[in-house]
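sequence? don't have it. structure:
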């Protein structure tokens, strides 16, 4: 079931999203040749603790890390431990934070905040270049960012999730890249992963209608080669089936009667 958030709930999620964005920006500033995944993990834990939030990835399905640190052909859920970035790599940092509602609302009315009374989740991802990256891979990173922006711009009440997916897919394929089919965005709120699934491909006028009060993550994932995926031996990381480079970007948005609010930008 898709949960509908109130304006007040969306506002506290926006405040949490801004904290998350600041932390992601700080972590992204650390990316360079020689950076170790474990250094980014440690810094993320420090910043989240200082923010008053809690890592919401760690423990999800047994996932052992605070961040997802996905390098080159790793699409999502890359583990940070032991990785050292090399010249020419790309790396995606994906991070989620859980905040208790008390951090933003001192006097809580259960009727006013029925969905988020116990707290709420935030989630976003960015891909970074490491040193001198191949020009075509640089273009792929730019295309993924533009694909995300086009998707966000498309969101408004009355269109369908198929309309959203078709807009992103059409742009990406026109640029010569393949859309990962078996992974997608998601609703978010009291739970990290809520309904609906937000596909990065689709057909116009298909799927659920987008309605005022929905909050979800749009996260395009592209492959330079085949769109098929496989799971790595660590049981968590998904990679491209043909080991081609992949790029991932994610933002959290809310739907209002006037359009969309970007909660993590």
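Nice, thanks for sending it over. From a predicted model like this one, the values you see are computed outputs, not experimental measurements.

list the buried residues for stretch 104-113?
Neighbour-count burial for stretch 104-113, counted by 16 or more other C-beta atoms under 10 Å, picks out 104, 105, 113. For the C-beta atoms, the positions are set from N, CA and C on the backbone; glycine is no exception.

any idea which of those is least confident?
Across the buried residues of stretch 104-113, the bottom pLDDT score, 77, is held by residue 113.

may I see the buried residues of stretch 104-113 arranged in TSV, with secondary structure and distance to residue 43 as well?
TSV is the format used below for these (DSSP: H, G, I helix; E, B strand; the rest coil; distance: C-beta to C-beta, whole Å):
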residue	secondary structure	distance to residue 43
104	coil	24
105	coil	29
113	coil	32
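
can you list the weak-confidence ranges in the protein?
Applying pLDDT under 70 to the chain flags no residue at all.

and the helices in it?
For the chain, helices defined by DSSP state H occupy the ranges 7-28, 37-51, 135-154, 161-174.

how about the last one: buried residues?
The neighbour-count criterion (16+ other C-beta under 10 Å) identifies 161, 162, 163, 164, 165, 166, 167, 168, 169, 170, 171, 172 as the buried residues of helix 161-174.

the longest one now?
Burial within helix 7-28, assessed by neighbour count using 16+ other C-beta under 10 Å, is assigned to 9-17, 19-21, 23-24, 27.

quick one: residues in contact with it.
5, 40, 43-44, 47-48, 51, 53, 67, 93, 95-97, 99, 101, 103-105, 112-113, 115-116, 120, 122-126, 128, 189, 213, 215, 252, 254, 256, 261, 263-265 (C-beta atoms under 8 Å, 6 or more residues apart in numbering).

can you do 6 Å?
40, 44, 47, 51, 93, 95, 97, 99, 104, 113, 116, 120, 122, 124, 126, 128, 252, 254, 263-264 (C-beta atoms under 6 Å, 6 or more residues apart in numbering).

just those residues: which are in strands?
Mapping the contacts of helix 7-28 onto strands (DSSP state E) picks out 93, 95, 97, 99, 120, 122, 124, 126, 128, 252, 254.

not counting sequence-adjacent ones, nearest residue to the third one?
In space, not counting the residues next to it along the chain, residue 97 is nearest to residue 53; the distance is 4.0 Å by C-beta to C-beta, 6 or more residues apart in numbering.

what about that neighbour, how many neighbours?
22 (other C-beta atoms under 10 Å).

tell me how far the ends of stretch 24-44 are from each other?
8 Å (C-alpha to C-alpha, to the nearest Å).

that one: which residues count as buried?
24, 27, 31, 35, 36, 37, 38, 39, 40, 41, 43, 44.

tell me the contacts of the residue nearest to residue 145 when sequence neighbours are not counted?
Ranked by C-beta to C-beta, 6+ apart and with sequence neighbours excluded, the top spatial neighbour of residue 145 is residue 249, at 5.7 Å. Applying C-beta under 6 Å, 6+ apart to residue 249 gives the contacts 125, 144, 145, 148.

which of these count as buried?
Buried among the contacts of residue 249 by 16+ other C-beta under 10 Å: 125, 144, 148.

all set now, cheers.
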